[in-house]
Structure formats: C-alpha cells, structure tokens
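Asker: I'll drop the sequence and a predicted model, then ask my questions.
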Amino acid sequence: MEPLGAIVLAAGLGKRMRSAQAKVLHLLAGKPLLSRVISAIQPLQLNWLVVVVGHKADEVQRLCGQPGILFARQREQHGTGDAVRAAREHFAGFSGDILITCGDTPLLTTDTLARFLETHRARRVTLSVLTVELEDAGHYGRVIRARDGQIIKIVEARDASTDERTTREINTGIYCVKADFLFAALERLRPANAQGEYYLTDIVAQAVAAGLPTQAVLTTNPHEVEGVNSREELATMEKTRQAHLRRQWMSLGVTLEDPDTVYIGEEVTIGQDTVIGPNTQLKGKTTLGIGCRIDGSAYIENCAIGDGAHVDFSCVLRDCELASHAIVGPFAHVHAGTVLAPHAVIGNFVEVKRSIVGEHTKAKHLAYIGDTEIGRDANIGAGTITCNYDGFTKSKTKIGDRVQVGSDTTLVAPITIHDDVYIATATTVRHNVPAGALVFNTRQEQIREGWTAAKRAKEAARKK
Ligand code: UD1
Ligand code: MG
C-alpha cells in the first residue's frame with residue numbers, strides 16, 4: 001500500500017469566533033475541536049501526521065500535542081493553500097497520498113475517512129475531495145461539476161456566481177492528494193479571489209486542467225463534516241452532540257430522569273443502572289460506577305465514583321475519588337484530590353479538600369476538612385474545622401480510627417489525634433492526643449443568674 005500522511009489545518013484565526021483563543025481549542029463536549037479531529041485520524045495507520053499551527057501556536061501545541069504528532073508553523077495566515085505549504089518541510093522525500101482535513105470539523109469519524117481513502121486508492125486517482133449535499137450550502141465552497149458529473153472546480157461562496165451559488169453540493173475541506181502533485185500545485189496558487197488568500201481548493205481545477213484523474217466523493221452524512229466557524233454553530237453542534245451522548249448512555253442502561261438538562265462530557269463513562277437527576281453536569285474524565293445515584297443539580301468534574309455511591313442534591317465534586325457506596329450531600333463541596341473510602345458519608349454544607357476519609361467515617365453537617373487523613377468508623381461532629389492554614393503554610397491533620405470529634409471542635413494543624421480518642425464539644429485542640437484519651441478545654445462555662453434583667457435595667461437608665 002502507498003504510504004499515507006495527513007495534514008490537519010489549524011493555524012487560522014477563526015475570525016468569526018471573535019475569540020482571543022484559537023478556534024480549534026474551543027471545546028465540544030469538553031474536548032478541543034482539534035483533538036477530536038486528531039482522534040478520528042490517528043487510527044488510519046499513518047506514516048506522518050502533521051498539524052499546521054499559527055494563531056496561538058504554542059497553546060495549541062501544548063493542549064493538543066501528543067507523541068507521534070508533528071507540528072508545522074504557518075507564521076502568517078494567507079489561506080488554506082498556504083497552510084498546507086507550511087507542512088511541506090515534513091514531507092521531504094515522501095511519495096504517497098496525503099489526507100488533508102481542517103481542524104474545525106470535530107464530528108468527523110474514522111469510518112468516514114477510511115471509506116474515503118478506500119475509494120481514493122481503489123480508483124487510483126491523483127486527487128479526491130469529500131463532498132456533501134446540504135439544504136442550505138451557506139458559506140461553504142461549492143462543488144462545480146460538468147454535465148457528465150465530473151468535478152471541474154471548487155468555488156468559495158463569496159467568489160461564486162449566482163448560478164454557482166445555487167449548487168447544494170459543498171466542499172467538506174477533506175481531501176486525499178498525491179504528494180508530488182500537491183506540493184507542485186501549491187506553488188502555482190495565486191490569491192486571485194475575494195479574500196486575497198491562497199485557496200487550497202484551487203488545486204482541484206489545476207488537477208482537472210492537467211488531465212489528472214480527479215474525483216468528488218459524495219458522503220451521505222452531512223453532520224459529520226460540518227465545520228465550526230461561529231459561536232452559534234458551536235452551540236448548535238454541542239446540542240446535537242449532547243443529544244447523541246445522552247441517547248448513547250441511556251441505550252447502555254443509564255437512567256436520565258430529565259435528559260435534556262444533563263450535560264455529559266465526551267470522556268465521561270457511566271455504569272449500568274446509574275440514575276442521574278435533572279441539571280447534572282458530568283465533565284472531564286469522570287467515571288461513574290454501576291448503580292450510582294446522582295440526585296440532581298450536581299457539578300462533577302474529573303471524579304472517579306464507585307459502584308452504588310450516592311451524590312445527594314446540589315453538590316460540587318472536582319478531582320476526587322468516591323469509593324463504592326460513599327454518600328455525599330446534599331449541598332457538599334468535595335474537591336482537590338480527596339478520597340472517600342467505601343461507605344464514607346459527607347453531609348450538608350461540608351467542604352472536604354485534599355483529604356482521605358476512612359471507611360464508614362461520617363462528617364454529616366457543616367464542617368471544613370482540609371489536608372486531613374481520617375481513619376475508619378470515626379465521627380466528625382457538626383461545625384468541626386481543621387485549621388490547616390496559618391497564613392504561611394498548609395499543615396496536616398491526622399485523625400485515627402473510631403475517633404469521636406465533638407461538635408464545634410477546632411483542630412489546629414499540624415496535629416495527630418490517635419485512635420479511639422474522644423474530643424469534647426467545642427474544644428480547641430492544639431496538641432497531639434494519645435490513643436484512647438478524652439480531650440477537652442478546661443475553661444468552664446460560667447452562669448450568672450439574673451444577668452439579663454440587670455443589663456436591661458442599666459441600659460434603660462443610660463437612655464433616660
Ligand atoms: C474552507 C474551504 C471551503 C470548505 C470549508 C469546509 C478553502 C478556501 N475553503 O472554508 O471550500 O467548504 O472549509 O469547512 O479552503 N486555516 C489555516 N491557515 C489559514 C487559513 C485557514 O490553517 O491561513 C485552517 C483553519 O484553522 C481551519 C481550516 O483551515 O481549521 C479552514 O479554514 P476556514 O477559514 O474555516 O475555511 P472556510 O471558510 O470554512
Ligand atoms: Mg471552516
């Protein structure tokens with residue numbers, strides 16, 4: 001088989017996005033547009049994959065780079081033809097086919113590309129372009145065919161005649177071209193068009209004029225090859241993608257109580273018989289186990305949630321791990337590398353950060369647990385605060401197994417509370433406590449009978 005290279009064009013400004021960020025870094029279902037295109041191309045057994053970057057190049061390379069991908073720089077954006085030319089240095093001595101795609105068509109699938117390559121190879125043509133028919137061809141390049149159906153050229157909407165503009169068959173921006181012809185043809189491009197750019201599309205007319213075998217391959221799935229050029233197009237695509245992801249997870253046995261209000265990121269996975277309530281957002285690399293319950297209004301990002309875990313109403317969970325049957329919420333905030341062991345319970349208005357909470361340990365009401373490691377079967381009373389920050393450094397708190405922390409306890413870190421300790425209500429603990437001890441503050445409460453009446457009388461006298 002002929003060697004195969006690929007070029008992905010991702011240097012454009014994306015003017016119509018009106019963004020300080022490169023267009024190809026905008027997210028669809030939480031994944032950058034360009035990364036999605038790369039994921040579709042990678043399984044095709046390529047010898048080379050070159051991404052052409054320009055606008056915000058460093059950021060694009062940082063966020064979308066991975067082993068095996070080469071980058072080429074297009075310093076100034078003079079059009080799609082100029083962009084492909086920028087990749088030339090990586091193809092010195094390469095003879096074979098080059099697949100070209102745009103970085104802004106994120107719904108592209110490996111399947112469609114594979115089929116396109118197959119017809120290109122089977123028919124032994126110099127140039128193939130993938131096309132599609134749209135109800136509304138909008139600003140896409142129009143595919144112009146001769147009477148016999150043979151493609152003659154591609155004309156951009158703004159350069160097209162009124163007659164040409166009525167054509168419903170458009171250029172998807174996906175091509176497969178013999179390398180020798182491609183790079184020679186690029187040298188002959190002229191920016192004689194409305195935008196004054198070097199159009200890659202003009203190589204089609206060149207191939208036809210040279211009598212080289214050229215074909216337009218019509219695909220039947222218009223959604224797959226849609227390009228993102230504006231925020232509105234991105235939003236429309238997101239809506240379609242979300243509907244697809246929701247259907248996919250429901251078909252795999254997940255219950256979505258009010259599907260239209262659930263957001264599911266591309267890299268999220270959800271186990272069977274998990275039930276997800278309304279207004280839930282599942283983002284990043286989140287995984288939900290089997291039989292979990294997410295009651296609703298939850299924001300969950302980059303979390304690993306074990307089987308049978310329960311996230312009660314209105315919680316924020318980020319970068320944390322919930323083992324099986326852990327319970328969180330309602331109204332809890334669990335974040336920054338926290339690990340909850342099986343059956344741990346984090347309740348109302350509790351914040352947990354960078355902490356490990358042991359098996360069957362509970363913190364059910366109004367607490368802050370930070371930089372803390374808690375053993376198993378402990379109970380953290382309402383209003384407990386771990387004072388992990390003295391204004392300069394963060395320090396650790398360790399709480400052993402079966403410790404009972406009374407309500408309104410203040411634990412001043414660094415501190416270790418060993419196993420089986422009892423902490424009396426409203427204690428400020430500043431020193432380590434040995435196993436099995438009781439700890440309480442000695443200042444006893446004072447009761448002054450009749451104090452209120454005396455105070456009121458005094459105030460009344462003052463006002464006269
Ligand atoms: C392009 C095609 C059009 C096709 C459409 C499909 C041309 C002239 N037009 O139009 O026929 O219907 O795609 O989506 O090719 N880019 C660069 N450097 C540049 C210019 C663009 O790398 O100097 C990249 C962009 O980052 C983008 C891709 O090329 O990923 C397409 O550019 P865009 O400006 O979106 O072209 P369209 O107007 O959509
Ligand atoms: Mg485009």
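Answerer: Received it, and whenever you're ready, just let me know what you need. Ligands and ions are numbered 1, 2, ... in the order given.

Asker: rest of the way, CA atoms for contacts and neighbours
Answerer: Noted.

Asker: Show me the strands in the stretch 351-464 of the chain, by range?
Answerer: Here the stretch 351-464 of the chain has its strands, by DSSP state E, counting those that start in this stretch, at 356-357, 362-370, 372-374, 379-380, 385-387, 397-399, 404-405, 410-412, 415-417, 422-423, 428-429, 438-439.

Asker: Make CSV out of those strands and add mean pLDDT, mean neighbour count and distance to A341.
Answerer: Formatted as CSV, these follow (pLDDT from 0 to 100; neighbours: other CA atoms under 10 Å; distance: least, CA to CA, whole Å):
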stretch, mean pLDDT, mean neighbour count, distance to A341
strand 356-357, 98, 25, 6
strand 362-370, 98, 24, 11
strand 372-374, 98, 24, 10
strand 379-380, 98, 24, 14
strand 385-387, 98, 22, 19
strand 397-399, 98, 23, 14
strand 404-405, 98, 24, 18
strand 410-412, 98, 22, 22
strand 415-417, 98, 23, 19
strand 422-423, 98, 22, 22
strand 428-429, 98, 19, 25
strand 438-439, 98, 16, 26
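
Asker: Tell me which of those lies nearest to P213.
Answerer: Nearest to P213, of all those, is strand 356-357, at 65.5 Å by CA to CA.

Asker: For A86, what are phi and psi?
Answerer: phi -60, psi -20 (degrees, to the nearest 10).

Asker: Could you pull up the residues touching it?
Answerer: V52, A72, R73, Q74 (CA atoms under 8 Å, 6 or more residues apart in numbering).

Asker: Now look at stretch 12-30 and say if it contacts ligand 1.
Answerer: Yes - for stretch 12-30, a contact with ligand 1 is found by CA under 6 Å from any ligand atom, at G12.

Asker: Of the contacts of A86, which ones also sit close to ligand 1?
Answerer: Restricting these to those near ligand 1 by CA under 6 Å from any ligand atom leaves V52.

Asker: residues in the stretch 1-150 of the chain within reach of ligand 1, list them.
Answerer: Selection of the stretch 1-150 of the chain residues close to ligand 1 by CA under 6 Å from any ligand atom yields 9-12, 52, 77-80, 83, 102-104, 140-141.

Asker: taking those residues one by one, which sit in strands?
Answerer: Cross-referencing those against strands under DSSP state E gives L9, A10, V52, C102.

Asker: quick one: which of those residues has the most company?
Answerer: A10 (30 neighbours; other CA atoms under 10 Å).

Asker: Residues in a beta bridge with it, which ones?
Answerer: Legend: beta-bridge partners of A10 under DSSP bridges are V53.

Asker: dump the residue contacts of it.
Answerer: A10 is in contact with V24, L34, V51, V52, V53, G54, C102, G103, D104, counting by CA under 8 Å, 6+ apart.

Asker: Of those residues, which is the nearest to I276?
Answerer: Nearest to I276, judged by CA to CA, of those is L34 at 30.0 Å.

Asker: which one is the most centrally placed residue in the chain nearest to, not counting chain neighbours?
Answerer: The residue lying closest to the centre of the chain (CA atoms, centre = their mean) is G30, at 2.6 Å. For G30, ignoring the flanking residues on the chain, the nearest one in space by CA to CA, 6 or more residues apart in numbering is G265 at 5.3 Å.

Asker: these two touch, right, that neighbour and K283?
Answerer: Yes - with contact defined as CA atoms under 8 Å, G265 and K283 form a contacting pair (4.8 Å).

Asker: Need the overlap of contacts for those two.
Answerer: Contacts common to G265 and K283, judged by CA under 8 Å, 6+ apart, are G30.

Asker: related to what we said a few turns ago, kindly supply the PyMOL command isolating those of the contacts of A10 that are buried.
Answerer: Of the contacts of A10, the buried ones can be selected in PyMOL as follows, counting by 16 or more other CA atoms under 10 Å:
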select buried, resi 24+34+51+52+53+54+102+103+104
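
Asker: tally of neighbours for R241?
Answerer: For R241, using other CA under 10 Å, the count is 18.

Asker: Over to A20?
Answerer: By other CA under 10 Å, neighbour count at A20 equals 11.

Asker: Please tell me how far it sits from K56.
Answerer: A20 sits 9 Å away from K56, going by CA to CA, to the nearest Å.

Asker: Flag every residue of the stretch 151-300 of the chain that's near ligand 1.
Answerer: So far as CA under 6 Å from any ligand atom goes, the stretch 151-300 of the chain lies against ligand 1 at E156, I170, N171, T172, G173, Y199, L200, T201, G227, N229.

Asker: For A454, see how far away the last one is.
Answerer: If I follow you right, that is N229. From N229 over to A454 the distance is 76 Å, taken as CA to CA.

Asker: If you count surrounding residues, which of these two has more?
Answerer: Taking other CA under 10 Å, N229 and A454 do not tie; N229 has more neighbours (17 against 11).

Asker: and that one, what does it touch?
Answerer: Contacts for N229 were tallied using CA under 8 Å, 6+ apart; they are G14, R16, M17, K23, D104.

Asker: hmm, back to that, can you tell me which of the residues of the stretch 1-150 of the chain next to ligand 1 is nearest A179?
Answerer: Using CA to CA, A83 is the member of these that lies nearest A179, at 14.9 Å.

Asker: didn't that closest one look like it was pressed against V52?
Answerer: Yes - if you go by CA under 8 Å, A83 and V52 touch, sitting 6.6 Å apart.
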